[in-house]
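J.: A predicted structure for the sequence below; I have some questions about it.
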Amino acid sequence: QVQLVESGGGLVQAGGSLRLSCAASGSILRINAMGWYRQAPGKQRELVAGIISAGSTNYADSVKGRFTISRDNAKNTVYLQMNSLKPEDTAVYYCNADIEYYNGKFYTKYGYWGQGTQVTVSS
């Protein structure tokens with residue numbers, strides 16, 4: 001029905017940059033809020049950045065000024081530009097999207113997760 005596919009993770013040195021992408025596909029009517037979360041080993045998943053359909057954004061204090069979230073509504077895609085990366089940014093990054101879609105019988109709404117992409121920042 002609906003799928004979120006992430007890309008862009010990898011290994012980077014401290015101070016470097018990465019850009020994550022997450023594309024939604026399927027019988028999508030509308031995508032409301034989209035966001036990026038991350039989970040480091042032994043820690044709970046935390047919100048990194050969020051963006052609503054109108055474009056307003058919010059960020060975790062730990063990434064403000066370094067990360068930028070954006071979205072392309074025509075492509076059903078959300079991006080996370082990560083600059084000045086630090087070793088403590090190392091985690092699996094997940095995208096999340098609140099999607100209204102057609103399930104074959106009627107339109108409904110659900111919060112979908114991507115499969116996760118590893119980001120590793122070396123010191």
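T.: Sure, I can see it.

J.: How many residues are close by the closest residue to Gly10 other than its chain neighbours?
T.: Setting aside the residues directly before and after it, Gly10 is nearest to Leu18 in space (CB to CB, 6 or more residues apart in numbering), at 6.3 Å. All C-beta atoms are positioned from the backbone trio N, CA, C, and that covers glycine. Around Leu18 there are 21 other residues, counting by other CB atoms under 10 Å.

J.: Does Leu18 touch Leu85 like I think?
T.: Yes - using CB atoms under 8 Å, Leu18 is in contact with Leu85, at 6.7 Å.

J.: which residues are common contacts for those two?
T.: Residues touching both Leu18 and Leu85 (CB atoms under 8 Å, 6 or more residues apart in numbering): 12, 119.

J.: distance of the residue nearest to Gly10 from Phe106?
T.: Using CB to CB, to the nearest Å, Leu18 is found at 39 Å from Phe106.

J.: same thing with Val63?
T.: Counting by CB to CB, the gap from Val63 to Phe106 is 38 Å.

J.: Neighbour count: these two, which is higher?
T.: For Val63 versus Phe106, neighbours defined as other CB under 10 Å are more numerous around Val63 (22 against 6).
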